[in-house]
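In: only geometry, no sequence info:
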């Protein structure tokens, strides 16, 4: 499954109303650790179609970052049934990303 970009306009449809587990990647283009984590998040999206993977650029979507209480990036948030289930901050190996989602 490909990675989707989420904005305040499609957050409800793509994340909060999603039937499957959603992994949100809060990032910014200027963030070095975000650029290191991004290919791993993309791999998870490609290898696990049962997980919906979306990215939120905090520079473009400050309102969403505030809504989710994002203080540091990269931050990964797992949403199940429209509610936050888990979150992790910082760079992590792919195995930890998968453990976070499972």
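Out: That came through, no problem. Values in this document were obtained by computation on a predicted structure and should not be read as measured data. Residues are numbered from 1 along each chain as shown.

In: find the nearest non-adjacent residue to residue 33, please.
Out: residue 91 (4.5 Å; C-beta to C-beta, 6 or more residues apart in numbering). Every C-beta, even on glycine, is put in place using the N, C-alpha and C of the backbone.

In: any low-confidence regions in the chain?
Out: 1 (pLDDT under 70).

In: residue boundaries of the strands in it?
Out: 4-5, 22-27, 52-57, 75-80, 83-89 (DSSP state E).

In: list the helices and strands the last one packs on?
Out: When you say that, I think you mean strand 83-89. strand 75-80, helix 94-101 (3 or more C-beta pairs under 8 Å, 6 or more residues apart in numbering; DSSP states H and E).

In: comparing the strands of the chain, which comes out most buried?
Out: Highest mean neighbour count among the strands of the chain (mean count of other C-beta atoms under 10 Å): strand 22-27, with a mean of 24.

In: adding distance to residue 12, write the strands of the chain out as a markdown table.
Out: A markdown table is the format used below for these (distance: least, C-beta to C-beta, whole Å):
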| stretch | distance to residue 12 |
| --- | --- |
| strand 4-5 | 13 |
| strand 22-27 | 12 |
| strand 52-57 | 12 |
| strand 75-80 | 12 |
| strand 83-89 | 13 |
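
In: re the thing from before, give me the neighbour count for the residue nearest to residue 33.
Out: Number of residues near residue 91 (other C-beta atoms under 10 Å) recorded here: 14.

In: hmm, residue 39 and it touching each other?
Out: No. Checked against C-beta atoms under 8 Å, the pair residue 91 and residue 39 is beyond contact range at 11.5 Å.
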